[in-house]
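In: need a 3D model of the sequence below.
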Amino acid sequence: MTTQRDKLREDVRFRILRLLQDNPEMSQRELASAVGVSTGGIHYVLNALVEKGILKLANFTAAEDKRRYAYKLTPKGIAEKARLTRKFLIRKMAEYEALKAEIEAVRADLSERELAEIRTKLKTGS
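Out: Residues are numbered from 1 along each chain as shown. You can find the predicted model right below:
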């Protein structure tokens, strides 16, 4: 059984791998901000991904500070990202369908006047 905590961890790993595939030079602070977790949390996850062979560290050659690293996805990391992408998409599509059904059920409870008010507020952003 997959718990909510497991799903959140998977989402964090997925987002990290997705970001690093396109931006391997991202700092831990930038990753933390983009993913919405603490810098310490990112540090922990990155170390785990390196230990599992999903990421490898490489010197970031364009950096003036030679202590900066780039995080490159390994072939195992590319496969893991593909697996996480499929799981993420399946989960998000199911959430989307459930949300659509809930919106329709709530919409059925409202009068045409109330729906018109909601549409107006959505258009004006208020």
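
In: so what's the residue count around the closest residue to Thr39 other than its chain neighbours?
Out: Among residues not flanking Thr39 along the chain, Ala32 sits closest, at 4.4 Å (C-beta to C-beta, 6 or more residues apart in numbering). C-betas here are computed from N, CA, C, even on glycine. Residues lying near Ala32 (other C-beta atoms under 10 Å) number 19.

In: ok, now Ile54?
Out: Using other C-beta under 10 Å, Ile54 has 23 other residues around it.

In: tell me the SS of the closest residue to it other than its chain neighbours?
Out: The spatially closest residue to Ile54, leaving aside those adjacent along the chain, is Gly77, at 3.9 Å (C-beta to C-beta, 6+ apart). Taking DSSP: H, G, I helix; E, B strand; the rest coil as the rule, one finds Gly77 in the helix state.

In: low-scoring stretches of this protein, by residue?
Out: 60-67 (pLDDT under 70).

In: what segments of it are helices?
Out: Using DSSP state H, the helices of the chain run over 4-22, 28-35, 39-51, 75-109, 112-124.

In: pipe those into JSON lines and attach distance to Leu57 per row.
Out: JSON lines is the format used below for those (distance: least, C-beta to C-beta, whole Å):
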{"stretch": "helix 4-22", "distance to Leu57": "11"}
{"stretch": "helix 28-35", "distance to Leu57": "12"}
{"stretch": "helix 39-51", "distance to Leu57": "6"}
{"stretch": "helix 75-109", "distance to Leu57": "12"}
{"stretch": "helix 112-124", "distance to Leu57": "46"}
